[in-house]
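# any chance you could fold what I've pasted below:
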Amino acid sequence: MDLVFNKNEDKMNLLISAMEQKLAKIYLGGGKSRIDKQHEQGKLSARERIDFLVDKNSRTIEVGAFAGDDMYKEHGGCPAGGVVVVIGYVSGRQCIIVANDATVKAGAWFPITGKKSLRAQEIAMENRLPIIYLVDSAGVYLPMQDEIFPDKEHFGRIFRNNAIMSGMGILQIAAVMGSCVAGGAYLPIMSDEAMIVDKTGSIFLAGSYLVKAAIGETIDNETLGGATTHCEISGVTDYKCKDDKDALTRIRNIMSKVGHFDNAGFNRIEAKAPVKDPKEIIGIIPAARDQQYDMHEVIARLVDDSDFEEYKDSYGQSIICGLARIEGWSVGIVANQRKVVKSKKGEMQFGGVIYSDSAEKSARFIMNCNQKKIPLVFLQDVTGFMVGSRSEHGGIIKDGAKMVNAMSNSVVPKFTVVIGNSYGAGNYAMCGKAYDPRLIVGWPTAQIAVMGGAQAAKVLGQIEVASLKAKGEVITPEREAELFNKMKERYDSQTTPYYAAARLWVDAIINPLDTRKWISMGIEMANLSPITKAYNVGVIQT
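Predicted coordinates:
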C-alpha cells in the first residue's frame, strides 16, 4: 500500500470511529438511568425488545438512527427521534419494526418522530413489507403540538397509512407494551392483530386525570384501559400477554404461520464475495475532496466476483454505467466518476461533473434496466452539471432533463449511496431523496447541499459585501475574509452527513463495508412488491 492509501485509510477510520461513538450514545436513548427504570417496571427497552423479537444471528439494518441528532436542544434532545426503526427477520420473514423509546420523553412524538415513523410506513407500503409496531408512547409532545399534530405529513397521517396498508393487504401487528394514549390509541387497533401486556400496557383516548376533569368520573388507568379491560370487556385487543417477552414470542409465532405472496421476480443467483478486498475501499476514498480517485476501483470492491459489465465505457465517461451482482442480486449501477477523463472528442472532463454525453448515456442505461427488470444502484459523488457557454449551447439542460425523466419514471426499485459530494442538480439526477429511492444511505464522507461550502460562502459573501458597500461601509480585505470564513463555517455545518441524517434526508450513515448488506436487504424487501405498471418515460426532447 502506498502513502496516499494509508493517509486515506487513517482519515476514513477516524470518521468511522467518530460515527460509532455517536451511535453508542444514541443507542442509550434517554440514558442508562431511564433504561434501568424500564427494567424496574418489568419492561424491556425499545432496543432490547427488537433484539428479542428478531431471529438470532440474523442481519438487521437500522433506519434513522441519527434522526433528531443535535436537534431540540431546548427540549432536552430527542435521540433517534424517540423511535427505533429496524428492518430485520422475524421467524424467517423480512419485516420492518417500529418501536417507541419510552426513555425519551416517555416516547412522546416530536416532529422528527412523526417524520421517521412515516418513513417506516412508506418503506412498508413501497415494498409490501410486514410492519410490527411495539407501542410505548405518551402521544404528541405537547410543547410542539403545532409542529406535529395538524398538517398533512403529521401525526394523523400515521392512521391514514394504517388504513391504506390494510387495504393493500400489508400485514400490521401491534403490541401495546406501555402507554398508548389519545389519537395514538388508533394505531394498534387499526392493525390486523393487537396484543397488550398485562399491568404495563394501557390504551385509552383520555387518561384518568383527563376523564376526571372532563366528566368528573374517578377511575384508575388500569381499570380504564388496561389489558384485562380490553381483552375481556371491550374486546379492543386480541391477546393478553403476561410480559414483554410473552408478547414478542406471540408475534414470532404469528409470523411463522403467515403465507407467502407473489414477488417481483428480480434475478438472483448464488452470491460471491468480491475478488478485490472490500476493506480496501477505506483507503481508496481521498481524505481531501479535491483529490481524484477511480470509481471503478470502488465498484470492484462492492460487486460479486468484482465482475462489472460496463455500458458504453468509452462514451460519457464522467458517469459509469454497467451491470453487476451484489450478494447474488442483479443490479444496474450508475456512478459518478471522480477522476479527470478524456471525452470522445479529446476534451478533458472534470471528475464528479455531469456532462451532456454522460447524462444522455445514463438516461438510456436507466431505460434499459427498466426494460430488463433490473434494480438500479446510484453511487453519488457529484458536484453538479457542467456549466458555461459550451455546455449551455450544447443543450446540457435538455440532456440533464432526459436523465432526470428516465430516472424519475423508473418502475424498478432504486437505491442510492452518497459516497462523497451530493450537490445541486447532481443530487436530483443521481436519485436523491426527492426521487423515491427505496433506501438512501451516506458514508461518513457524504456531503449534501446546493453547492460546496467554499463556493456558497463566496457567492453569499459577494452579496453581503455589495450590500454593505451600498450602505456606505468600507470593506477591507480582512473584513471580507472574515465574512467569507463566517459564512463558510455556517454553510459547512449544514453539509455534514449528520445534519442530513438528523433530518432524514438519508436513511442512515453507514460504514462503507456495510454497503453490500444494505443494498442486498433492500432488494430483498423490494422483491416482495411486484411491479404493476409499465415503464413510460413520458415526453423527452431529442
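
# buried residues in the longest helix anywhere in the chain?
The residue-count maximum for a helix in the chain (DSSP state H) belongs to helix 3-26. Using 16 or more other CB atoms under 10 Å as the test for burial, helix 3-26 gives N8, E9, K11, M12, L15, I16, M19, K22, I26. Bear in mind the C-beta positions are built from the backbone N, C-alpha and C, glycine included.

# okay, those in TSV with distance to D70 and pLDDT next?
Below are these laid out as TSV (distance: CB to CB, whole Å; pLDDT from 0 to 100):
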residue	distance to D70	pLDDT
N8	27	94
E9	28	95
K11	22	95
M12	22	96
L15	17	96
I16	19	97
M19	14	97
K22	10	97
I26	11	97
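
# tell me which two in those are the farthest apart.
Spatial extent of the buried residues of helix 3-26 (CB to CB) is set by the pair N8 and I26 at 26.9 Å.

# which parts of the stretch 251-400 of the chain are strands?
Along the stretch 251-400 of the chain, counting by DSSP state E, counting those that start in this stretch, strands occupy 309-311, 319-326, 329-336, 341-342, 348-349, 353-354, 376-382, 384-385.

# most packed of these?
strand 376-382 (a mean of 27; mean count of other CB atoms under 10 Å).

# got any ranges where this protein has weak pLDDT?
The chain contains residues with pLDDT under 70 at 1, 343-346, 393, 452-457, 538-542.

# the residue of it most remote from its centre in helix, strand or coil?
Distance from the centre of the chain peaks at G472, with 48.2 Å (CA atoms, centre = their mean). Here G472 is coil, with the state taken from DSSP: H, G, I helix; E, B strand; the rest coil.

# from M255, how far out is it?
Distance, G472 to M255, by CB to CB, to the nearest Å: 72 Å.

# next one: N8
According to CB to CB, N8 and M255 sit 44 Å apart.

# before we move on, back to that, what is the longest helix of the chain packed up against?
For helix 3-26, the elements it packs on are helix 281-284, judged by 3 or more CB pairs under 8 Å, 6 or more residues apart in numbering; DSSP states H and E.

# neighbouring contacts of the helix it packs on?
Under the criterion CB atoms under 8 Å, 6 or more residues apart in numbering, residues 1, 5-6, 8-9, 12-13, 16, 293, 297-298, 301-302, 512-513 lie in contact with helix 281-284.

# ok, and for stretch 198-215, which residues are buried?
For stretch 198-215, by 16+ other CB under 10 Å, it's D198, T200, G201, S202, I203, F204, A206, G207, S208, V211.

# where exactly do the helices run in the stretch 201-350 of the chain?
208-215, 221-225, 227-228, 244-255, 281-284, 295-300 (DSSP state H, counting those that start in this stretch).

# most packed of those?
Per residue and on average, the most neighbours among the helices of the stretch 201-350 of the chain fall to helix 281-284, with a mean of 22 (mean count of other CB under 10 Å).

# pull the CA atoms of that helix into PDB?
Output of helix 281-284 as PDB, limited to C-alpha atoms (Å, rounded to 0.1, in the frame of the first residue of the first chain):
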ATOM      1  CA  ILE A 281     -12.400   0.900   0.000                       C
ATOM      2  CA  ILE A 282     -11.400   2.600   3.200                       C
ATOM      3  CA  GLY A 283      -8.100   3.600   1.600                       C
ATOM      4  CA  ILE A 284      -9.400   4.500  -1.800                       C
END
